[in-house]
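K.L.:
I would like the atomic coordinates for the input below:
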Amino acid sequence: MLKHFGKYIMFMGSLVTRSESPRILFNRTIDEAILIGINSIFIVAIVSTFIGAVTCVQISYNLTNAFIPRSTIGFMVREMTILELAPTITSIVLAGKVGSSIASGLGTMQITEQVDALEVMGINSENYLVLPKIIAALLVFPMLVILSMFLSIAGGFVAGTLTNALTAQEYITGIRDAFIPYNIVFALIKSVVFAFLISSISSFRGYNTSGGALEVGSASTAAVTQSVIAVLIADYVCAQLLL
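P.N.:
Coordinates of the predicted model:
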C-alpha cells in the first residue's frame, strides 16, 4: 500500500517537470475536455433525471404525515440533489466511464511502446499525456455536476406532477424554501476533488501498466475500483471539513 502510494506521489510530481509549451498543453486539454465532458453528457443526463424522479416518488411515498406540507418533497429533493446525489453519484458514474477510458487508453499506449517513443523524442510523456487529462477533468466535472443538479431537480418536478404527488406550485415552493447558497459551493468543491482523484488515479494505473491486453483490462478495473473508493472516502472527509 505505502509502496504504491509513494509511486503515486512521485508520478504526480513528474507531471510538472519538463513541461511542454502552453500552446500544446492547451490544445491537448481542449481535446481531453471534449472526450471527458461532451461524450459524458448523455449518461449524466439520463442518470440524473431518473435519480431526481425516483427520489421524488420515494419521498412522496414515505411522507404520509398530514401535518407535513407537500412542498417538503421539493425541499428534500433539492437538498439531497445538491449536497450528495449530483456530485457523488455523477462522479461515481464518471469513474466508471471516464476512469476506465483513461486507464485503458494509457495502458494500451504503454504496452504498444507509444509512451517509450515519446520519451525517445525527448517529450515528458507524463506531462504530455496525463496533465491535460487532469486539467480537463478539473474543468469539466463541475459543469457536469451543475447539469446534473438541474436535471435531477427537473426530473423530480416532472415525476411529482405527473404522479399527482404534489402540484407544480408546491414543488417550486419547496425548492425555493430555506435555500443556502453555500451548498452549491460545497458541491462544486467536492466535484473538483473527485475530478482530481478519478483522473489522477486512473492515469496512474494506466500509465504503469505492463504486459499485454489482459493487464490493460486489469488496470482499467483497478482504476475504476480505486477511484470509486477514493471518491467515497473523500466525500466523507469533505463533509466533515466543509459542513
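
K.L.:
Quick one, grab the pLDDT at the residue nearest to Val228 when sequence neighbours are not counted.
P.N.:
Using CB to CB, 6 or more residues apart in numbering and skipping the chain neighbours, the partner closest in space to Val228 is Ala95 (5.1 Å). Where you see a C-beta, it was placed from the backbone N, CA and C, and this is true even at glycine. pLDDT for Ala95: 93.

K.L.:
what do you get for Thr167?
P.N.:
pLDDT, read off for Thr167, is 89.

K.L.:
The closest residue to it other than its chain neighbours: helix or strand, and which one exactly?
P.N.:
Once flanking residues are discounted, Thr167 sits nearest to Thr161: 7.0 Å by CB to CB, 6+ apart. Assigned by DSSP states H and E, Thr161 belongs to helix 131-162.

K.L.:
now for that helix, which elements pack on it?
P.N.:
Packing contacts for helix 131-162, counted by 3 or more CB pairs under 8 Å, 6 or more residues apart in numbering; DSSP states H and E, involve helix 22-36, helix 41-62, helix 71-80, helix 90-94, helix 168-176, helix 182-207.

K.L.:
Please report how far the residue nearest the centre of the chain lies from Leu166.
P.N.:
The C-alpha lying nearest the average C-alpha coordinate of the chain belongs to Ser91 (CA atoms, centre = their mean; 2.6 Å). For Ser91, the distance to Leu166 equals 30 Å [CB to CB, to the nearest Å].

K.L.:
what's the answer for Val16, then?
P.N.:
52 Å.

K.L.:
From Thr64, how far out is Gly105?
P.N.:
For Gly105, the distance to Thr64 - CB to CB - is 50 Å.

K.L.:
So those two - more neighbours on which side?
P.N.:
The neighbour comparison of Gly105 against Thr64 (other CB atoms under 10 Å) goes to Gly105, with 18 against 7.

K.L.:
about what we covered before: most tightly surrounded among the helices and strands packed on helix 131-162?
P.N.:
helix 90-94 (a mean of 25; mean count of other CB atoms under 10 Å).

K.L.:
Can you give the distance of that one from its chain's centre?
P.N.:
Centre-to-centre, helix 90-94 and its host chain are 4 Å apart (CA atoms, centre = their mean, to the nearest Å).

K.L.:
between the helix or strand just after that helix and helix 182-207, how many degrees?
P.N.:
Sequence-wise, the next helix or strand downstream of helix 90-94 (DSSP H and E) is helix 100-111. Using axes from the mean of the first three to the mean of the last three CA atoms, to 10 degrees, the direction of helix 100-111 lies 20 degrees away from that of helix 182-207.

K.L.:
how far does helix 100-111 sit from the chain's center?
P.N.:
19 Å.

K.L.:
what's the next helix or strand after it packed up against?
P.N.:
Note on helix 100-111: by DSSP H and E, the next helix or strand toward the C-terminus is helix 114-120. Contacts defined by 3+ CB pairs under 8 Å, 6+ apart place helix 114-120 against helix 125.

K.L.:
residues in contact with the helix it packs on?
P.N.:
With CB atoms under 8 Å, 6 or more residues apart in numbering as the test, helix 125 has contacts from 115, 118-119, 207.

K.L.:
Please repeat the previous calculation with a cut-off of 10 Å.
P.N.:
Residues outside helix 125 that contact it (CB atoms under 10 Å, 6 or more residues apart in numbering): 14, 18, 106, 109-110, 114-119, 207.

K.L.:
ok now stretch 71-83, how far from the chain's centre?
P.N.:
Centroid displacement of stretch 71-83 relative to its chain, using CA atoms, centre = their mean, is 21 Å.
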